[in-house]
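Asker: my questions are about this predicted structure, shown below with the sequence.
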Amino acid sequence: MINQCVLVGKVVREPEIRTTPKGNTIAHMLVEADRSFRNEDGSLSSDIFQVTLWKGIAEECASLCHPGSLVGIKGRLQATVYEKNDRTYYNCEVIAEKVSFLSERMAASG
């Protein structure tokens with residue numbers, strides 16, 4: 001079985017970084033990616049994905065990614081299911097394995 005995804009999009013807000021109780025660095029960021037087709041009115045819709053970054057990738061993204069930064073992300077999807085107030089909720093996020101900094105300004109500094 002294969003579980004891989006590739007996203008190219010813009011960072012929505014500053015990555016949130018923290019350290020786990022075991023001492024690992026983790027960051028979360030939102031990335032907005034356009035869909036590859038137009039709506040009925042001719043405009044492009046987009047989707048916003050939650051991306052989780054670990055260790056060195058987390059630290060690098062926390063320092064280099066800002067709202068509007070263009071990034072390419074290769075990773076995998078991770079789905080979780082949980083119960084709350086007698087309802088079942090489903091969540092899907094991208095676990096980043098590699099991040100490419102595509103904004104000109106970022107590429108020049110990195």
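Answerer: Sure, I can see it. Numbering: from 1, shown residues only.

Asker: could you pull out the strands for this structure?
Answerer: All strands of the chain, identified by DSSP state E, fall at 5-11, 16-19, 25-38, 44-54, 70-84, 87-101.

Asker: can you put the ones you listed in a markdown table and add distance to Cys61?
Answerer: (Each C-beta comes from the backbone N, C-alpha and C, glycine too.) Output for those, formatted as a markdown table (distance: least, C-beta to C-beta, whole Å):
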| stretch | distance to Cys61 |
| --- | --- |
| strand 5-11 | 8 |
| strand 16-19 | 8 |
| strand 25-38 | 6 |
| strand 44-54 | 5 |
| strand 70-84 | 8 |
| strand 87-101 | 6 |
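
Asker: looking at the ones you listed, which is closest to Glu60?
Answerer: strand 87-101 (7.2 Å; C-beta to C-beta).

Asker: what residue lies at the spatial centre of this protein?
Answerer: Val51 (2.7 Å; C-alpha atoms, centre = their mean).

Asker: so Leu7 touches Ile73, yeah?
Answerer: Yes - using C-beta atoms under 8 Å, Leu7 is in contact with Ile73, at 4.6 Å.

Asker: need the overlap of contacts for those two.
Answerer: Listed contacts common to Leu7 and Ile73 are Val31, Val51, Val94; contacts here mean C-beta atoms under 8 Å, 6 or more residues apart in numbering.

Asker: of those residues, which is the nearest to Lys22?
Answerer: Of all these, Val51 has the smallest distance to Lys22: 20.9 Å, by C-beta to C-beta.

Asker: what's the distance between the closest residue to that closest one other than its chain neighbours and Glu32?
Answerer: Distances taken as C-beta to C-beta, 6 or more residues apart in numbering put Val94 closest to Val51, at 4.7 Å, once the chain neighbours are dropped. Using C-beta to C-beta, to the nearest Å, Val94 is found at 13 Å from Glu32.
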